[in-house]
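Enquirer: Can you look at this prediction? I've put the sequence above it.
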Amino acid sequence: MRLLASIDDAGDLLILAGDEVQVGHATSDAADLALLADLEPVHARMRLVDSFHGGSTWRLAAEPGATPPTVDGAPSAQAELVDGTEVSFGRGAAFTVKRSDPSSASIVLELARGAESRGARRVLLMAPGDAGRVRVGPRRRRHVPVAGLTHDVALVLGEASDGDARILTVSCDGGARRAGQPADGAKAVAVELPLARRVDLALGAAPDRMPPFGIALRPIPGT
């Protein structure tokens with residue numbers, strides 16, 4: 001599932017939620033990570049797999065017949081995406097892997113060389129369940145570091161009870177609510193995916209105190 005998150009003091013983040021991501025050309029509807037470069041419609045896939053060393057990790061594999069990407073300076077048809085891995089697809093698109101939180105299976109790709117995807121220059125590969133918990137907070141070991149936050153904000157991807165939808169739970173010990181609603185002491189908000197419309201969240205403070213921290217979740221047109 002694809003959506004955009006606009007995070008106060010951190011900019012836009014493309015969220016790709018699930019355990020497989022397709023990398024391809026910017027004009028391809030099939031590409032989750034759509035890049036403007038010399039790529040096939042679906043050029044490579046990134047899958048969440050069990051690591052040989054334990055835990056889960058993301059693995060990149062080029063599609064049969066596609067030109068292998070360059071990984072840490074050398075062509076490679078397959079590669080494990082660990083913290084600091086540098087991947088490029090020709091001259092037009094490249095990213096660096098950031099696994100700031102080793103306890104989480106979710107990772108961030110920082111696009112380089114002026115590249116962007118769906119208008120964002122950072123991409124979150126969000127693994128399902130508690131193992132893929134994403135944290136936004138003031139410390140360095142956070143997927144999205146934001147200075148000055150009093151409380152961490154956590155995002156967890158789960159399934160709806162009927163199994164037909166995903167639920168993104170956004171929680172904060174300082175409070176969580178949809179923007180425009182009164183603070184009621186709740187510490188979590190459940191958002192059903194895929195998004196039908198924009199959802200604005202207020203996190204971390206009551207409106208009569210310091211201004212709340214905001215996250216806006218937006219659907220991606222045409223996906």
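Expert: Yes, it's here. These figures come from a predicted structure and were not determined experimentally. Numbering: from 1, shown residues only.

Enquirer: and the closest residue to residue 46 other than its chain neighbours, what helix or strand is that in?
Expert: Leaving aside its sequence neighbours, residue 46 sits nearest to residue 21 (C-beta to C-beta, 6 or more residues apart in numbering; 4.5 Å). Placement of C-beta: from N, CA and C, glycine included. Using DSSP states H and E, the element containing residue 21 is strand 20-25.

Enquirer: Could you list every helix and strand that that strand packs against?
Expert: strand 33-35, strand 44-50 (3 or more C-beta pairs under 8 Å, 6 or more residues apart in numbering; DSSP states H and E).

Enquirer: mind saving the C-alpha coords of stretch 10-21 as PDB?
Expert: Only the C-alpha atoms of stretch 10-21 are listed here, as PDB (Å, rounded to 0.1, in the frame of the first residue of the first chain):
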ATOM      1  CA  ALA A  10      10.600  16.500   8.700                       C
ATOM      2  CA  GLY A  11       8.900  17.000   5.300                       C
ATOM      3  CA  ASP A  12       7.300  14.400   3.100                       C
ATOM      4  CA  LEU A  13       7.800  10.700   3.400                       C
ATOM      5  CA  LEU A  14       6.500   8.000   0.900                       C
ATOM      6  CA  ILE A  15       5.300   5.100   2.900                       C
ATOM      7  CA  LEU A  16       5.300   1.700   1.100                       C
ATOM      8  CA  ALA A  17       3.500  -0.700   3.500                       C
ATOM      9  CA  GLY A  18       3.800  -4.400   3.200                       C
ATOM     10  CA  ASP A  19       6.400  -7.100   2.700                       C
ATOM     11  CA  GLU A  20       7.200  -6.600  -1.000                       C
ATOM     12  CA  VAL A  21       8.000  -3.400  -3.000                       C
END
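
Enquirer: distance between that stretch and the chain's centre?
Expert: Stretch 10-21 has its C-alpha centroid displaced from the chain centroid by 3 Å (C-alpha atoms, centre = their mean, to the nearest Å).

Enquirer: for the record, mean pLDDT for that stretch?
Expert: If you average the pLDDT over stretch 10-21, you get 96.

Enquirer: Stretch 122-135 too?
Expert: pLDDT averaged over stretch 122-135 gives 96.

Enquirer: just stretch 24-43 next, same as before
Expert: If you average the pLDDT over stretch 24-43, you get 94.

Enquirer: Tell me the spacing between the most centrally placed residue in the chain and residue 91.
Expert: Against the mean C-alpha coordinate of the chain, by C-alpha atoms, centre = their mean, the closest residue is residue 124 at 1.9 Å. For residue 124, the distance to residue 91 (C-beta to C-beta, to the nearest Å) stands at 25 Å.

Enquirer: Could you list the low-pLDDT ranges of the protein?
Expert: 52-54, 163, 205-210, 222-223 (pLDDT under 70).

Enquirer: so where do the helices sit in it?
Expert: Counting by DSSP state H, the chain has no helices at all.

Enquirer: follow-up on the earlier one: and the angle from the strand holding residue 21 to strand 44-50?
Expert: 160 degrees (axes from the mean of the first three to the mean of the last three C-alpha atoms, to 10 degrees).
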